[in-house]
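**Q** Sequence and predicted structure, then a few things I'm wondering about:
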Amino acid sequence: MAIFLGLVLLAALALWAVLAFNRLVRLRNQVRAGWSDIDVQLMRRHDLVPRLVEAVRAFAGHEKALLENVTELRARAMATQSPAALAAVERELEAGLGRIVLLNEAYPDLKASENFMQLQRDLVQVEDHLQYARRFYNGAVRANNDGVQRFPDLVVARAFGFGEAEFYEADDAARPAPTLGLGP
């Protein structure tokens, strides 16, 4: 009878390990899919930068420093891999693109340019899609990190090399860390 109970216990433990492993694989794949969505939207944004720069250069050539800065930020963003580091560079790029879009107020010819206005609409669309992709990715990261930290699944996570993923923070410097209420 003890051997039978031991075998049942061993089978239950093996079943749990298989289920935990498969759950962790699914969570890791959701993080990868979420990052892929962000990457697609960032590439769309990066593809718009040279076109925006050229459109502005045609009407506001003396904004050279701003245009060069945005071009340099685009190159840095395309070379950055870490979600945290990329988020910092993308915040700067987003601010630069915002300044370019605001140039249409100072240059009526730019505001009248259908090409510039279409690029501006495209940029707004990309930013909206990027916001959705960021939310999905961060939700997937949260679920993944919960999975690799939760006992007893963390035993399987450590045994098979599952790790935590980095959040893609939209603007972590502007807000304080939340308090957790864990005591004095």
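**A** Perfect, thanks for sending it.
**Q** I'd like the next helix or strand past the lowest-mean-pLDDT helix or strand in the chain.
**A** Ranking every helix and strand in the chain by mean pLDDT, DSSP states H and E puts helix 108-112 at the bottom, with a mean of 79. Toward the C-terminal end, the helix or strand that comes next after helix 108-112 (DSSP states H and E) is helix 114-149.
**Q** which residues sit against stretch 114-126?
**A** 41, 44-45, 48, 51-52, 55-56, 59, 97, 101, 104, 110-111 (Cβ atoms under 8 Å, 6 or more residues apart in numbering). C-beta: built from backbone N, CA, C; applies to glycine.
**Q** of all these, which two lie farthest apart?
**A** 41 and 59 (27.1 Å; Cβ to Cβ).
**Q** Which helix runs longest in the chain?
**A** Counting residues, the longest helix in the chain under DSSP state H turns out to be helix 2-59.
**Q** what is the mean pLDDT for that helix?
**A** Helix 2-59 carries an average pLDDT of 91.
**Q** Pull out the buried residues from the least confident helix or strand of the chain.
**A** Across helix 108-112, burial judged by 16 or more other Cβ atoms under 10 Å covers residue 110.
**Q** From the contact counts, what lies against that helix?
**A** The helices and strands touching helix 108-112, judged by 3 or more Cβ pairs under 8 Å, 6 or more residues apart in numbering; DSSP states H and E, are helix 2-59, helix 83-106.
**Q** How far off centre is the first one?
**A** So that's helix 2-59. On the basis of Cα atoms, centre = their mean, to the nearest Å, helix 2-59 sits 12 Å off its chain's mean C-alpha point.
**Q** Likewise for the shortest one?
**A** Using Cα atoms, centre = their mean, we find the averaged C-alpha position of helix 83-106 to lie 15 Å away from the chain's own average C-alpha position.
**Q** Specify the angle between that helix and helix 114-149 in degrees.
**A** 160 degrees (axes from the mean of the first three to the mean of the last three Cα atoms, to 10 degrees).
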